[in-house]
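In: can you look at this prediction? I've put the sequence above it.
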Amino acid sequence: MEFYTSLCYNGKEKEAVQMERQSCCGQHAPLAGIQTAGLVCCSNGLPASAAAELERLQRVLADCGIETVCSPYLYAKDGVRSGSAVQRAERLMAFYNDPEIDAIFDVSGGDIANEILP
């Protein structure tokens with residue numbers, strides 16, 4: 001899973017580790033101005049084996065000057081679900097309504113996101 005690569009570094013992991021915040025945010029305008037981002041899984045929860053990649057994503061974002069706040073519903077607990085549809089939807093909306101959250105990144109797959117719709 002390389003869900004983090006297109007956010008800031010165009011898939012060039014070795015270069016990503018060496019880049020500094022200024023060059024990252026300066027070259028990738030969508031990240032400019034983001035200080036805090038919420039990480040959610042609206043669809044399939046992450047497998048436990050993705051923990052290292054999620055940590056790497058957080059480091060990459062931190063290198064861009066972006067603090068991350070993780071939903072408690074990131075990792076699959078019941079089959080592919082990281083929480084009930086209501087729990088996942090409430091976490092997404094909590095981030096959306098939080099004035100401290102500047103961006104929300106959904107790091108999930110794509111099979112069950114429609115469950116969170118009312």
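Out: Perfect, I can see it now.

In: check which helices and strands the helix or strand where Thr68 lies sits against.
Out: Here Thr68 sits within strand 67-70, counting by DSSP states H and E. Where contact means 3 or more C-beta pairs under 8 Å, 6 or more residues apart in numbering; DSSP states H and E, strand 67-70 is packed against strand 36-40, helix 51-63. For every residue, glycine as well, the C-beta is placed using N, CA and C.

In: let's go with 10 Å and repeat that
Out: strand 36-40, helix 51-63, helix 85-97, strand 103-106 (3 or more C-beta pairs under 10 Å, 6 or more residues apart in numbering; DSSP states H and E).

In: those into a markdown table, with extra columns for mean neighbour count?
Out: Shown next, in a markdown table, are the helices and strands packed on strand 67-70 (neighbours: other C-beta atoms under 10 Å):
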| stretch | mean neighbour count |
| --- | --- |
| strand 36-40 | 21 |
| helix 51-63 | 16 |
| helix 85-97 | 16 |
| strand 103-106 | 18 |
